[in-house]
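from the sequence below, what's the structure:
(chains A and B)
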Amino acid sequence: MPDISPLAVVKPGAELAADVCVGPFSYIGPEVRIGAGCIIENNVTITGRTTLGDKNHVFPLTAIGASGGNGLGDGECVLGTANTIREHVTIYAGLERPTSIGTDNLVMIHTEIGDGAVIGDHGIFDNCSHIGSSADVGDYVRTSGFAAICPGVTVGAYTFVTGYASVDRDAPPYAIVQGFPIRVRGVNSRNLKRCGFGEDDISRLKQAFRELFNDAENYVDQAALKRLLAEPNVNQCVRRLLESLHPQAQPAGDSHG
Amino acid sequence: MAEVSVLREVDPSARIAPDAVIGLYCVVGPNVTIGPSSVLVRRVFVTGNTTIGSGNVFGEGCVLGAPPQDLKYAGGATLLIIGHRNQFGREVTVHVGTELGGCLTRIGDDNVLMDGCHVAHDCYVDDRTHLGRNVLLAGHIHVQTGAVIGDLAGVQHFATIGRYARVGPRTPVRRDVPPYSNFYSVGYDWSTPPAVRGVHEAGIEAAKLRPDEQRELRQALRELFDDESALQTKIEQLVNLGVEGEVAALCEFCQRSLQGLYGRHRETFRGKVPPETEQFLSPDQLADIRRPTA
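So this is what the prediction gives:
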């Protein structure tokens, strides 16, 4: 039997796994499914067509599957496994596509995740981060306090968004991005090392970053991009970086480097 | 008898003063102490080993004593101590300490924390400070007496905000802010980092300094921070002149910041128990938190 506080409201129709805990004054809507081992603390509101995988921990006063007040009805929201959603977080339900959060993310206090946003795995989103609607956020992305990811933009995997940055256009993978409009400050080498990337990958990425993001005015040096795309035997990480900057073109050589 | 709403969940082992007010939908955990005349307005969640003094007001949606967001925290029995007569706005979050950082988060007396403030693990907020809306304090920060922090300011871990200093709104603080200084950023461009830009006059007023002390302090702040190059030499020059009182304290503060990492003195306490912990905890409490957990 799920451990549901007598002061919680779980609507008929909600599917809760056997060992789910629900704290007092929480509200679980009728179309919500919650996987095994989830802990829903007090005063949490989960509404919409929302699915939580296993072992998610939702802290007090958080709202998941919020409708956003646009009067368009309830949307859909899918959380993977082992996410930690801290206090006062709002995750809006997606209307056109489900709002989706992968596995093992830490979403810190007061973060807002817009409708239709897709977030990868192992991310850390610091306090007061704002992730706009329909944004695509890759794996291992970390944001610092007050970072804003604008609606519809893509943030590449392993990228670090610094505090107060406003990601107003697509951010490349492996990068540290800062400011508004965003500038690429360099390779997020600390995170890459932590995630097990080799020295060779990191130094090649650094070289590519130096060539691509050398100009203060333009975001990407298009000539350098063209040159790097034409190079044979591009390193796998560099190749992924180039593809993210220029989705139509494929680098000339195969991976390995 | 404490005025307690029916729709609340208070653990029977929580120690709550007779005239404390626990509002609607509040949840109070087992190891919590709430002092006389403290008010938990609505939807306030108090958990962890949390001690709250007298006369505090907590607005809607405050969460006190929740586990830190530090990935190194493994669930130890760490503490949160809140003093007297503090005012908390809505949705203020204060976390307990971590074992690596001294096990204690402490908020002193007569502070104002406005809506959405976050005080992370192992922070020390002294007395009579004012934290604006949505101020984020990362871990291990010391906000000293009388400091004023503007709305949406974010303070990086291990920073110190000096006595009666002011941090401007929307200012990212990455290093120590000297006492009585006015620290803010100009524009939104990352290439101009925030810096000390003058004296916090209201702070000097609030500290009730003597006129000669005020004059010396203004002069010292101007000398040190009008142009921050060669700060070390300028501090040494001032110290060699035989300064005393607030100016000597200012010199000592700046000297310690320079000795720390990235201009943050408290970086030297990384992974250690900071000296304040012993000041704020009784020997019994210290023995308690240092006892290895089974």
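
was I right to think A:Gly123 contacts A:Ile149?
No - using Cβ atoms under 8 Å, A:Gly123 is not in contact with A:Ile149; the gap is 11.1 Å. Glycine gets a C-beta too; all of them are placed from N, C-alpha and C.

show me which of the two is the more surrounded one.
Using other Cβ atoms under 10 Å in any protein chain shown, the more surrounded residue of A:Gly123 and A:Ile149 is A:Ile149, with 29 against 25.

re the thing from before, joint contacts of A:Gly123 and A:Ile149?
When contacts are counted by Cβ atoms under 8 Å, 6 or more residues apart in numbering or on different chains, A:Gly123 and A:Ile149 are jointly contacted by A:Val137.

for the stretch 101-250 of chain A, which residues are neighbours of chain B?
Proximity of the stretch 101-250 of chain A to chain B, by Cβ under 8 Å from any Cβ of the partner chain, involves residues A:106, A:108-110, A:127-128, A:144-146, A:162-164, A:178-180, A:183.

what's the farthest-apart pair in those?
A:Ile109 and A:Arg183 (27.3 Å; Cβ to Cβ).

neighbour count winner among these two?
Shown here are A:Ile109 and A:Arg183; by other Cβ under 10 Å, A:Ile109 has more neighbours (28 against 17).

contact partners for that one?
Residues near A:Ile109 by Cβ under 8 Å, 6+ apart: A:Arg86, A:Glu87, A:His88, A:Val89, A:Asn127, A:Cys128, B:Gln69, B:Thr93, B:His118.

what would those residues look like in a markdown table with pLDDT, secondary structure and neighbour count?
Shown next, in a markdown table, are the contacts of A:Ile109 (pLDDT from 0 to 100; DSSP: H, G, I helix; E, B strand; the rest coil; neighbours: other Cβ atoms under 10 Å in any protein chain shown):
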| residue | pLDDT | secondary structure | neighbour count |
| --- | --- | --- | --- |
| A:Arg86 | 97 | coil | 26 |
| A:Glu87 | 95 | coil | 27 |
| A:His88 | 96 | coil | 25 |
| A:Val89 | 97 | coil | 24 |
| A:Asn127 | 96 | coil | 29 |
| A:Cys128 | 95 | coil | 25 |
| B:Gln69 | 95 | coil | 24 |
| B:Thr93 | 97 | strand | 30 |
| B:His118 | 97 | strand | 29 |
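
quick check, nearest of those residues to B:Gln237?
The closest of the contacts of A:Ile109 to B:Gln237 turns out to be B:His118 (Cβ to Cβ; 39.7 Å).

against B:Asn111, how distant is that closest one?
For B:His118, the distance to B:Asn111 equals 14 Å [Cβ to Cβ, to the nearest Å].

okay, residue 131: pLDDT?
Here I'm looking at chain A. A:Ile131 is assigned a predicted lDDT (pLDDT) of 96.

right idea, wrong chain: chain B
pLDDT at B:Leu131 comes out at 97.

try B:Gly75
On the pLDDT scale, B:Gly75 is placed at 87.

which non-adjacent residue is nearest it?
What sits nearest to B:Gly75 in space, not counting adjacent residues and going by Cβ to Cβ, 6 or more residues apart in numbering or on different chains, is B:Pro67, at 7.0 Å.

got the contact list for residue 119?
Because you didn't say which chain, this covers chain A. Contact analysis of A:Ile119 by Cβ under 8 Å, 6+ apart lists A:Ser100, A:Ile101, A:Gly102, A:Asn105, A:Ile113, A:Ile131, A:Val137, A:Val141.

the intended chain is chain B.
So B:Val119 contacts B:Val92, B:Thr93, B:Val94, B:His95, B:Thr105, B:Ile107, B:Leu113, B:Val125, B:Leu137 (Cβ under 8 Å, 6+ apart).

pLDDT below threshold where in the stretch 101-250 of chain A?
Scanning the stretch 101-250 of chain A for pLDDT under 70 picks out the ranges A:215-218, A:247-250.

how about the helices in it?
In the stretch 101-250 of chain A, the segments counted as helices under DSSP state H, counting those that start in this stretch are A:189-194, A:199-212, A:222-230, A:236-245.

any residues touching the second one, and which ones?
Contacting residues not belonging to helix A:199-212 are listed as A:174-175, A:184, A:186-187, A:189, A:192-193, A:220-221, A:224-225, A:227-228, A:235-238, A:241-242, A:245, A:257 [Cβ under 8 Å, 6+ apart].

go again using 10 Å as the cut-off
For helix A:199-212, the surrounding residues in contact (Cβ atoms under 10 Å, 6 or more residues apart in numbering or on different chains) are A:158, A:172-176, A:184-190, A:192-193, A:197-198, A:219-225, A:227-228, A:231, A:234-242, A:245, A:257.

just the buried ones from these, in PyMOL syntax?
PyMOL command restricting the contacts of helix A:199-212 to the buried ones, with burial defined by 16 or more other Cβ atoms under 10 Å in any protein chain shown:
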select buried, chain A and resi 158+172+173+174+175+176+184+185+186+187+188+189+192+197+219+221+224+225+228+231+234+235+237+238+239+240+241+242+245+257
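
so which of the helices of the stretch 101-250 of chain A is nearest B:Pro169?
Set against B:Pro169 and scored by Cβ to Cβ, the helices of the stretch 101-250 of chain A come closest in helix A:189-194, at 29.8 Å.

about what we covered before: quick one: which of the contacts of B:Val119 sit in strands?
Cross-referencing those against strands under DSSP state E gives B:Thr93, B:Val94, B:His95, B:Thr105, B:Ile107, B:Leu113, B:Val125, B:Leu137.

and the contacts of A:Ile109 as a markdown table, adding distance to B:Val186?
Shown next, in a markdown table, are the contacts of A:Ile109 (distance: Cβ to Cβ, whole Å):
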| residue | distance to B:Val186 |
| --- | --- |
| A:Arg86 | 32 |
| A:Glu87 | 33 |
| A:His88 | 31 |
| A:Val89 | 32 |
| A:Asn127 | 24 |
| A:Cys128 | 22 |
| B:Gln69 | 31 |
| B:Thr93 | 30 |
| B:His118 | 25 |
